[in-house]
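**Q** Predicted model follows, preceded by the sequence.
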Amino acid sequence: MVVPIAAWTTPIERRKPADQTDFLQIVTEPAPLRRMLRRPRIPLAPAQERMWHAAAAGYSADWNVARAFRIRGAVVNIAALTAAIGDVVRRHAPLRTCYPATPDGPIQVVVDADFARVDVRVVDSFAGELGERIAEFSGRAFDLATDLPLRARIYRLGTRDVVLALVVHHISLDGRSIRPFMRDLMTAYLARAQRQAPAFAPLPVDYIDYTLWKHEYLGAYDDPCSRASTQLRYWANNLVGRPTPLEFPCEPALSGNSPGCCVDAAGDSIPMRFDAGVHRGLLARARQAGASPFMVLQAAFAISVATFAAAADVTVATAVSGRDDPLLADLVGNLADDVLMRIRLDRAGDIGDLLEQVRRVALAAFANPDTSNPRLQRCLPQDPGHPLFQATLILQRDDAVPAAGTGVSGLAITEIPTGVIRAKHDLEFSLTEHYDHTGAPAGIDGPFLYPTARFTRDTAADFVEKFRATVELIADGYAGPVAALLDGAPGRRVSRPSRSRG
């Protein structure tokens, strides 16, 4: 049960309780993450709800996470590699979990490791057809109610040259899961190649423990004092009245596609890179503002989205990892979720004002990360068919480390493209900060994704150029009015207006 939205139309902090003592609450520390007693019915974790509802609506394939790795050098032991995939599935329960619907809502059903059968096949192939085969394999949908959420193909190009293609549904795996997945896979492969079972270090908790603990931590939505209700009230108050959907420029031939919710999520990408000099400028600007490079980039992103949509009130999104507890570091599963940031550019006089607003909004969003998008969408007065957000920017950090995957029993492992690009939102940046071995900034790069059903490549490139120019201008020290950066066509390179101060 959800407390009616009508009770939240007035911001919570403005309420004046008749008896001030009733307003006081005893705040208790949550119980720590730990092994939990199993229940007959295991609900979805909050981070899984959005993917489940999208799959139920027919968009399961849009949430496939596909990776392909070329393994060359020594003779590849196909039997050991196949067995190693089974070992990883046995170790990590989300890889052998189904998600059927029930009268009380969707649940997690973990298949016993002795009966879980992963679809792994060996296919003889050659380089000329490999790309098409991997793309077709990566795009197949999962039936979450009955299918295990992982499948694999081993494309054998030769005894010393194979490609391993892995497809996992996002409901069971997030971006932070790739490293422990591949590390465990290599550990298992080396053991199986020696005809031994892998000696994994035991996991302190598993995904079901995390799910049950997360629900215990959040409490029930019919308890107005629970963390779940408190976070939902925050979002309902924060987002009510925002303009939605944002109207982006698209070509007339493409204008029949609804904003932010294209039926066809086929996408394309445009590479983005900022050199080490711009990276240093962003770090300096962040320190000056008491913020982070992420917040500076989000300010530039909000300016770009606002210009593109001709709107001064924009809601953008980012992802949170959900792995604050070190017990979760080696877990394979989906712990990440989106949080929203409503940026009011009409309330920021200059860049300093905007950076302070973004800093406050981001910190508040990160403090309320557990309300699933489907639940929030049901509670907002806008048409539930409108997207909660259409633009997202994610920034992650990649410190310099020794090259992974080389020298492993004589094997060289490199990731190769799968040929599948899915753009689930109108505007998507996935950026990575790079630092060298001394810790010095080495640049920021990553793809910009866009749905080809909404934008031509020229229109998408206009947006990328607007973002690039705005970032470079802010990194270079621009401290003038925000309004000057909102003028003009989105693709026009931003010129430096006269500074009002600084």
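**A** Cool, got the structure.

**Q** residues contacting residue 308?
**A** Listed by Cβ atoms under 8 Å, 6 or more residues apart in numbering, the contact set of residue 308 reads 248-249, 427, 463, 466, 490. Quick note: C-beta positions are derived from backbone N, CA and C, even for glycine.

**Q** And the strands in the stretch 51-200 of the chain, which stretches?
**A** Ranges of strands within the stretch 51-200 of the chain are 64-73, 97-98, 107-110, 119-124, 150-158, 161-169, based on DSSP state E, counting those that start in this stretch.

**Q** Out of these, the one nearest residue 142 is which?
**A** Residue 142 lies closest to strand 161-169 among the strands of the stretch 51-200 of the chain, at 4.8 Å (Cβ to Cβ).

**Q** Adjacent strands (with direction) for that closest one?
**A** Sheet pairing of strand 161-169 (DSSP bridges) gives strand 64-73 (antiparallel), strand 150-158 (antiparallel).

**Q** three-state assignment of the most centrally placed residue in the chain?
**A** Residue closest to the average C-alpha location in the chain (Cα atoms, centre = their mean): residue 319, at 4.6 Å. What DSSP: H, G, I helix; E, B strand; the rest coil gives for residue 319 is strand.

**Q** so how far is residue 356 from it?
**A** 23 Å (Cβ to Cβ, to the nearest Å).

**Q** What helix or strand is residue 228 located in?
**A** Here residue 228, judged by DSSP states H and E, is contained in helix 227-239.

**Q** For that helix, name the packing helices and strands.
**A** For helix 227-239, the elements it packs on are helix 207-218, strand 337-344, helix 373-379, judged by 3 or more Cβ pairs under 8 Å, 6 or more residues apart in numbering; DSSP states H and E.

**Q** Just list the residues touching residue 77, thanks.
**A** Going by Cβ under 8 Å, 6+ apart, residue 77 touches 189, 192-193.

**Q** So what touches stretch 357-369?
**A** Here stretch 357-369 makes contact (Cβ under 8 Å, 6+ apart) with 230-231, 234-235, 238, 289-291, 294-295, 298-299, 302, 318, 320, 322, 337, 339-344, 347-348.

**Q** Now restrict these to buried residues only.
**A** Buried by 16 or more other Cβ atoms under 10 Å: 230-231, 234-235, 238, 289, 291, 294-295, 298-299, 302, 318, 320, 322, 337, 339-343, 348, out of the contacts of stretch 357-369.

**Q** Low-confidence ranges, this protein, go.
**A** 1-28, 251-263, 382-384, 399-409, 488-502 (pLDDT under 70).

**Q** hey, where'd the helices end up in it?
**A** All helices of the chain, identified by DSSP state H, fall at 20-23, 46-54, 78-91, 127-138, 178-193, 207-218, 227-239, 276-289, 293-309, 351-366, 373-379, 457-475, 483-486.

**Q** closest one to residue 148 among those?
**A** The closest of the helices of the chain to residue 148 is helix 78-91. By Cβ to Cβ, the value is 7.6 Å.

**Q** ok now do residue 447, which residues does it touch?
**A** By Cβ under 8 Å, 6+ apart, the contact set of residue 447 is 269-272, 429-430.

**Q** Was I right to think residue 471 contacts residue 300?
**A** Yes: using Cβ atoms under 8 Å, residue 471 is in contact with residue 300, at 4.5 Å.

**Q** how close does residue 146 sit to residue 343?
**A** For residue 146, the distance to residue 343 equals 42 Å [Cβ to Cβ].

**Q** What is the burial count for residue 487?
**A** Neighbourhood size, residue 487 [other Cβ atoms under 10 Å]: 10.

**Q** Could you check how far it is from residue 247?
**A** Counting by Cβ to Cβ - residue 487 and residue 247 are separated by 18 Å.
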